[in-house]
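Undergrad: task: produce atomic coordinates for the following.
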Amino acid sequence: MDFVDIHSHLLPGIDDGAKSMEDTIALISKLDTMGVQNFITTPHVLGSVWQNSSDTILDKLELVQEALEKNDLGYIKIDAAAEYMLDEQFCKLLKERDLLTIKEDNLLVEMSYFSAPVNLFEMLFDIQLAGYNPILAHPERYNFYHQKFDMYEKLKNAGCRFQINLLSLTGYYGPAVKKTAIKLIENNMIDFAGSDVHHEKHVSALQKLGTKANLKLLDPILKNNLQFL
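TA: Purely as a prediction, here's the structure:
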């Protein structure tokens with residue numbers, strides 16, 4: 001499958017994704033069998049919970065690249081960015097320009113699943129003022145917007161692009177998330193896709209993705225991801 005996965009948690013031991021290098025190699029190997037060989041993995045940067053810096057992420061990336069070579073997986077292309085929670089810590093990193101982007105100036109951000117930041121639109125403006133293009137991770141998973149669909153339109157109008165989780169279309173997160181994911185796609189609001197793989201259960205769930213209906217929905221979005229090669 002020609003697909004660049006721009007959202008995953010494959011670096012070992014630095015967030016709630018892969019726990020060890022063995023986990024990392026196992027996850028990448030299984031995704032390889034599904035045809036995914038290009039990754040821009042995105043560990044969490046989240047306040048005091050996951051205090052990853054650009055240096056810690058890039059150091060882990062180098063170790064993973066070395067391990068892939070040793071395990072005869074040197075043909076796998078893997079780079080790293082980050083998934084930034086829109087919080088006070090992020091505002092500090094933005095001022096310092098200490099951010100890892102997805103190919104040039106594309107910045108993957110997320111919100112709390114409980115509520116959006118009160119200054120969300122101000123933060124999106126500041127991101128763009130600093131020269132970055134915000135990509136909101138998994139908009140379909142923010143349940144507080146499911147009955148306020150106009151908020152998605154406002155976010156798009158504010159210059160925010162959307163990245164859907166492939167898992168959402170399998171029903172992994174429940175029927176409401178799947179329904180919203182399909183509605184966002186059908187309204188041409190989704191720009192990119194990512195696996196958001198953290199562990200083996202996610203990889204197993206992704207194997208349910210390949211229905212004709214899903215592939216038809218996803219085809220133009222998967223092609224958009226190729227710009228990150």
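Undergrad: pretty sure residue 205 sits against residue 166.
TA: No - counting by Cβ atoms under 8 Å, residue 205 sits too far from residue 166 to count as a contact (9.1 Å). To be clear about C-beta, it is placed using only N, CA and C from the backbone, and glycine gets the same treatment.
Undergrad: kindly provide the distance from the residue lying farthest from the centre of the chain to residue 64.
TA: Largest separation from the mean C-alpha position in the chain: residue 70, at 26.8 Å (Cα atoms, centre = their mean). Distance from residue 70 to residue 64, counting by Cβ to Cβ, to the nearest Å: 11 Å.
Undergrad: residue 55 too?
TA: Taken as Cβ to Cβ, the span from residue 55 to residue 64 is 15 Å.
Undergrad: repeat for residue 78
TA: Using Cβ to Cβ, residue 78 is found at 6 Å from residue 64.
Undergrad: between the two, which one's more packed in?
TA: For residue 78 and residue 64, the more surrounded residue by other Cβ atoms under 10 Å is residue 64, and the numbers stand at 23 against 20.
Undergrad: what ranges do the strands span in this protein?
TA: Secondary structure of the chain, counting by DSSP state E: strands at 4-5, 38-41, 44-45, 77-80, 83-85, 106-110, 133-137, 161-165, 192-194.
Undergrad: any idea which of these gets closest to residue 225?
TA: Minimum separation from residue 225 across the strands of the chain (Cβ to Cβ) falls at strand 4-5, 4.5 Å.
Undergrad: how far does stretch 130-147 stretch from one end to the other?
TA: 32 Å (Cα to Cα, to the nearest Å).
Undergrad: also stretch 79-99?
TA: 14 Å.
Undergrad: list the contacts of residue 123.
TA: The contact partners of residue 123, by Cβ atoms under 8 Å, 6 or more residues apart in numbering, come to 86, 90-91, 117.
Undergrad: rerun that using 7 Å as the cut-off
TA: By Cβ atoms under 7 Å, 6 or more residues apart in numbering, the contact set of residue 123 is 86, 117.
Undergrad: again with the one 10 residues further on
TA: With contacts defined as Cβ under 7 Å, 6+ apart, the neighbours of residue 133 are 105-107, 161.
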